[in-house]
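>>> Coordinates only, no sequence provided:
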Ligand SMILES: NC(=O)c1ccc[n+]([C@@H]2O[C@H](COP(=O)([O-])OP(=O)(O)OC[C@H]3O[C@@H](n4cnc5c(N)ncnc54)[C@H](OP(=O)(O)O)[C@@H]3O)[C@@H](O)[C@H]2O)c1
């Protein structure tokens, strides 16, 4: 029997690494991104593609003929989106349109808790959306496109995705670990609340959703609801680093361009019930990352 084909966009970002690892043995995977890192995965085929390049996207989809698309590609720099709203819309919304215009199979789309305003999180799937920055608005638009143009879709909203990945530019865990290991003091906000999500656990959930034929909108995140300072402290403890180097700061003091939803995060009971699974405690995920790095 031929293996099912999965086309992964944004495959060499933070989440992509775990997604490739999760799917490469059971599926025929084509991993695509803006550029392919030098130490690329030899486990699957790769392709350079910008999802805003409509013709290239369509040619690739025609040639590879995937059964499933996992769309991870996005402009994820929240302040960058605020600075360049046209580009943010082109990538986060237009890119999705480009794929869906010529793809009829199962479309798995990753969205965010930033579709909410962060006044009373954590949020369930049926909570009212009200994004407060460009990134959140474009991701909400992308969800609407998926729901209106695809006949076979899954949207997973997740939040504060983490792993320690040497290749990834923006990884909170890597930043905290590398800074503390170098004895460098860091300031971390104590007023942004989420339930951070380990990439490996999220990739496994995607696999279970595919196996179980699950469709629709679901929230997925870690089992612990905490603020970012507490997350940094947990990282320090698990990695045996000095948490005294971490001092609190408020989001307001950072003067970031894009407003941040503060009390955000996601309720996960819908997916836990559907798949009969339990979300993973943050210390369990961090200990697994720590052990992997030691080994
Ligand atoms: N990280 C989080 O905390 C978080 C939370 C909730 C939801 N999500 C969602 O999860 C998904 C994966 O996020 P991530 O954490 O893996 O982010 P990431 O590390 O920034 O990965 C996104 C990937 O997409 C690529 N990309 C950007 N523009 C593209 C384009 N025009 N065409 C093709 N690829 C493009 C990026 O390449 P470059 O690096 O070269 O730009 C990057 O490799 C995204 O949809 C994001 O919105 C993430």
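Nice, thanks for sending it over. Model, not experiment: these values are computed from the prediction.
>>> Please name the nearest non-neighbouring residue to the residue of the stretch 1-150 of the chain found nearest the ligand.
Distances between the stretch 1-150 of the chain and the ligand by CB to the nearest ligand atom are smallest at residue 13, namely 1.9 Å. Yep, even glycine has a C-beta here, placed from its N, CA and C like the rest. Leaving aside its sequence neighbours, residue 13 sits nearest to residue 72 (CB to CB, 6 or more residues apart in numbering; 6.0 Å).
>>> So that neighbour sits against residue 16, correct?
Yes - Residue 72 is within contact range of residue 16, at 5.3 Å (criterion: CB atoms under 8 Å).
>>> higher neighbour count, those two?
Under the criterion of other CB atoms under 10 Å, the comparison of residue 72 against residue 16 puts residue 16 first, with 25 against 22.
>>> tell me the mean pLDDT over whatever helix or strand the more buried one lives in?
Residue 16 belongs to helix 14-23 when assigned by DSSP states H and E. Here helix 14-23 scores 96 as its mean pLDDT.
>>> what's near enough to touch the residue of the stretch 151-295 of the chain at minimum distance from the ligand?
Nearest to the ligand, among the residues of the stretch 151-295 of the chain, is residue 161, at 3.7 Å (CB to the nearest ligand atom). By CB atoms under 8 Å, 6 or more residues apart in numbering, the contact set of residue 161 is 14-15, 196-197, 199, 202.
>>> Tell me the backbone dihedrals of it, please.
Taking degrees, to the nearest 10, you get phi -70, psi 130 for the backbone angles of residue 161.
>>> and residue 165, how many neighbours?
There are 19 residues near residue 165, going by other CB under 10 Å.
>>> Over to residue 211?
10.
>>> which bits of the stretch 151-295 of the chain sit near the ligand?
Contact residues, the stretch 151-295 of the chain versus the ligand (CB under 6 Å from any ligand atom): 158-161, 168.
>>> Please list the members of these that lie in strands.
158, 161 (DSSP state E).
>>> now the residues of the stretch 151-295 of the chain next to the ligand: which count as buried?
Buried members of those, counted by 16 or more other CB atoms under 10 Å: 158-161, 168.
>>> Is residue 66 in contact with residue 5, as I believe?
Yes - Residue 66 is within contact range of residue 5, at 4.3 Å (criterion: CB under 8 Å).
>>> More neighbours: those two, which one.
When residue 66 is set against residue 5 and neighbours are counted by other CB under 10 Å, the residue ahead is residue 66, at 22 against 16.
>>> before we move on, back to that, tell me how far the residue of the stretch 151-295 of the chain closest to the ligand lies from residue 31.
17 Å (CB to CB, to the nearest Å).
>>> swap in residue 201?
Taken as CB to CB, the span from residue 201 to residue 31 is 20 Å.
>>> neighbour-wise, which of the two wins?
residue 31 (27 against 20).
>>> Show me what that one bridges to in the sheet.
In this entry, residue 31 is beta-bridged to residue 8, residue 46, by DSSP bridges.
>>> all numbers from here: first residue = 53
Understood, numbering begins at 53; the last thing we discussed is residue 83.
>>> buried sites along the lengthiest helix in the chain?
Counting residues, the longest helix found in the chain (DSSP state H) is helix 186-201. Buried residues in helix 186-201, counted by 16+ other CB under 10 Å: 186-195, 197-198.
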